[in-house]
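**Student:** Fold the following and give me the result.
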Amino acid sequence: MSLSNLKTIELANRTLIIDGKLDRVAGYFTTDYVAHVTGRDFTGGHKLVKKLVREYRRAFLEIEILIEVLVKAKNRISWQRTLKARQAGPFKCFPASSRQIVWCDMVTTGFRDGLIAEDWVITDLAEQLLLARK
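**Tutor:** Sure, this is the predicted structure:
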């Protein structure tokens, strides 16, 4: 059974980020998945997805995710993800603040054969982490 592209996005966020079921990555992402984030390209397929999810789950607890679709096309969806969580551990160069933060990711996702092949992401996470330190 194939999922709709939107359902794939929703389930990938819930299953991986919220539930932490990293053994399910192959059900949502291509083996050659690429993330384009603020002008940088990150490759690594399933290993990359697992690494990113582990980083989020180590740093942020009680994660809530709201997904809003902006534009849908045949093999591409532009969407906004609003995340709310408590920063319990360090993330990148930001020490744990123990505060609850809310940040937004603007994402355009490209699909191939029903799986997420590429994401183009703009996020305000760093800005929100800076504000949480004040």
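
**Student:** What pairs with whichever strand or helix holds I77, parallel or antiparallel?
**Tutor:** Assigned by DSSP states H and E, I77 falls within strand 76-87. Sheet pairing of strand 76-87 (DSSP bridges) gives strand 60-72 (antiparallel), strand 100-112 (antiparallel).

**Student:** Let me have those in CSV, extended by distance to L3.
**Tutor:** (C-beta placed from N, C-alpha, C; glycine too.) Formatted as CSV, the strands paired with strand 76-87 follow (distance: least, CB to CB, whole Å):
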stretch, distance to L3
strand 60-72, 14
strand 100-112, 10
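
**Student:** which stretch among those strands comes nearest G39?
**Tutor:** strand 100-112 (14.0 Å; CB to CB).

**Student:** and the next element down the chain from that closest one?
**Tutor:** Counting by DSSP H and E, what follows strand 100-112 is strand 115-123.

**Student:** how far out from the middle of the chain is stretch 54-74?
**Tutor:** 5 Å (CA atoms, centre = their mean, to the nearest Å).

**Student:** what about the chain, any weak spots by pLDDT?
**Tutor:** Applying pLDDT under 70 to the chain picks out residues 1-2.

**Student:** how does it look with 90?
**Tutor:** Applying pLDDT under 90 to the chain flags residues 1-3, 38-39, 74, 93, 126, 130-134.

**Student:** what about the longest helix in it?
**Tutor:** Scanning the chain for the longest helix, with DSSP state H as the assignment, gives helix 45-59.

**Student:** List the buried residues in that one.
**Tutor:** For helix 45-59, a neighbour-count test (16 or more other CB atoms under 10 Å) marks 45-46, 48-50, 52-53, 56-57, 59 as buried.

**Student:** Pull the contacting residues for the nearest residue to A26 once chain neighbours are set aside.
**Tutor:** The shortest distance from A26 to any non-neighbouring residue, by CB to CB, 6 or more residues apart in numbering, is to H46 (6.2 Å). Going by CB atoms under 8 Å, 6 or more residues apart in numbering, H46 touches 25-26, 29, 31, 33.
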